[in-house]
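*Asks:* I need the structure of the sequence given here:
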Amino acid sequence: MAAATVTKLGRSLQQRRTFINARVKWVGDPYLDEAVQREKNLKQLLSLKDRIVSSPSKSLPLSSLSLLKPLLNLHVTAAAFLQKYPSVFATFQPSRSLPLHVRLTPQALDLHREEETIHLSPPHRNATVQRLAKLLMLTGAGSLPLYVVDRFRFDLGLPHDYVTSLICDYPDYFEVIEVHDRLNGGKTLALSLTSPRKSLAVSEMERRESIINGSRVQKGLRIRYSMNFPKGYELEKRIKNWVEQWQDLPYISPYENAFHLGSYSDQAEKWAVAVLHELLYLLVSKKTETENVLCLGEYLGFGTRLKKALVHHPGIFYMSHKIRTQTVVLREGYHKEFLIQKHPLMGMRHRYLYLMSRSGRVKKRDYVPGVKRSNQSVDAQNS
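*Replies:* This is a model prediction of the structure:
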């Protein structure tokens, strides 16, 4: 092929755009909505649990809980939240001279200890470190502000005190440095890789392709994404045709820097989808709040590209509007409402959910003194 032809083809990949004004309809997926809905209040409950067990006495004064509402992103007061789950939290008075405290029930404490055993096991720690390193590698620069990493802590399966309990034990992988904050200006602390990890710069899509072809990862392959739609969902013919052509474009690894591509080109969108796919695949839950994705995209300089990629590809990503937020789910990670890849931490979370469900209707004696019982709170407990 002549050099002029190659150059012309390269420019067309950067400039060609046939989907810029397309509107893809959103259709609810009851299975994936259920996968999101069943974890209602789980993240908040585990965050409160971690704060309780992190205190020297393994308890917290009831009076201090009002300060935790914004920190835990609770939609009710912390005291009302405790009342909702008496099978997890219990109140007691350490002595006559001290105020009421809250601690974990024996059942919840047993689950916490099992969860800690998983976090401390060498195989789990090594796998977690590699997932975290790959997340940093997606940035190109190999670093992210800690407040951005914190957004993914729960979904990435990091321990609540990951900086002291994990990062510090892997100085050959990570360091905490001060960087310029691109979003808020000024300086901020960031988690950074101490050195490049080229052996980890292989995406899940590339790994699968190498297994299928029995060869090493190659650049420029036309790797296609699996697409799944809810029953009865049909793409418009023109959109379906665009998707077929888009699938045949060369795959660009999410660990490559492809910002040289025209931001509105189809090829650039395939790279953006690669970044999104790899990000969600790294998460133990294969899902996260959409705001987390958009915050990361804004920090990396993607602008609105990631948001458009989510909207344009409902066969790859699903956006659920359950539990008072919007959650993006990697479709291929689920069979109906069940995760295909069973991660030990997800197994533990399901056990917490079971314990939460045993709370049932809270009896009068279980109510925290000083908190008014209302029809609204009773309805919330039964929801």
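*Asks:* Point out where the chain drops to low pLDDT.
*Replies:* For the chain, applying pLDDT under 70 flags the ranges 1-22, 360-383.
*Asks:* Domain ranges for it, per the record?
*Replies:* 122-197, 202-335 (automatic domain parsing).
*Asks:* count of neighbours near G333?
*Replies:* Around G333 there are 18 other residues, counting by other Cβ atoms under 10 Å. The C-beta positions use only the backbone N, C-alpha and C, and glycine is treated the same way.
*Asks:* hang on, it packs against I340?
*Replies:* Yes - using Cβ atoms under 8 Å, G333 makes contact with I340 at a distance of 6.1 Å.
*Asks:* and stretch 161-177, how far out from the chain's middle?
*Replies:* Remark: stretch 161-177 is offset 20 Å from the chain centroid, using Cα atoms, centre = their mean, to the nearest Å.
*Asks:* what ranges do the strands span in the stretch 151-300 of the chain?
*Replies:* Counting by DSSP state E, counting those that start in this stretch, the segments of the stretch 151-300 of the chain that form strands are 174-180, 187-193, 287-289.
*Asks:* Please identify the buried residues of the first one?
*Replies:* I take that to be strand 174-180. Residues of strand 174-180 classed as buried by neighbour count (16 or more other Cβ atoms under 10 Å): 174-175.
*Asks:* Could you check the angle that strand makes with strand 187-193?
*Replies:* Angle, strand 174-180 to strand 187-193, by axes from the mean of the first three to the mean of the last three Cα atoms, to 10 degrees: 150 degrees.
*Asks:* Note down every partner strand of strand 174-180 and its orientation.
*Replies:* According to DSSP bridges, strand 174-180 forms sheet pairs with strand 187-193 (antiparallel).
*Asks:* Check what contacts the strand it pairs with and list those residues.
*Replies:* Strand 187-193 has contacts (Cβ atoms under 8 Å, 6 or more residues apart in numbering) with 132-133, 136-137, 142-147, 149, 163, 167, 173-181.
*Asks:* rerun that using 7 Å as the cut-off
*Replies:* Contact with strand 187-193 is made by 133, 136, 142-147, 149, 167, 173-181, as judged by Cβ atoms under 7 Å, 6 or more residues apart in numbering.
*Asks:* ok, and for that strand, which residues are buried?
*Replies:* Within strand 187-193, the residues scored as buried using 16+ other Cβ under 10 Å are 188, 190-193.
*Asks:* where's it relative to the chain centroid, distance-wise?
*Replies:* Here strand 187-193 is found 20 Å from its chain centre; the criterion is Cα atoms, centre = their mean.
*Asks:* what's near enough to touch Q326?
*Replies:* Neighbour list for Q326: 289-290, 319 [criterion: Cβ under 7 Å, 6+ apart].
*Asks:* okay if I get the domains of the chain as CSV plus distance to D29?
*Replies:* Formatted as CSV, the domains of the chain follow (distance: least, Cβ to Cβ, whole Å):
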stretch, distance to D29
domain 122-197, 19
domain 202-335, 4
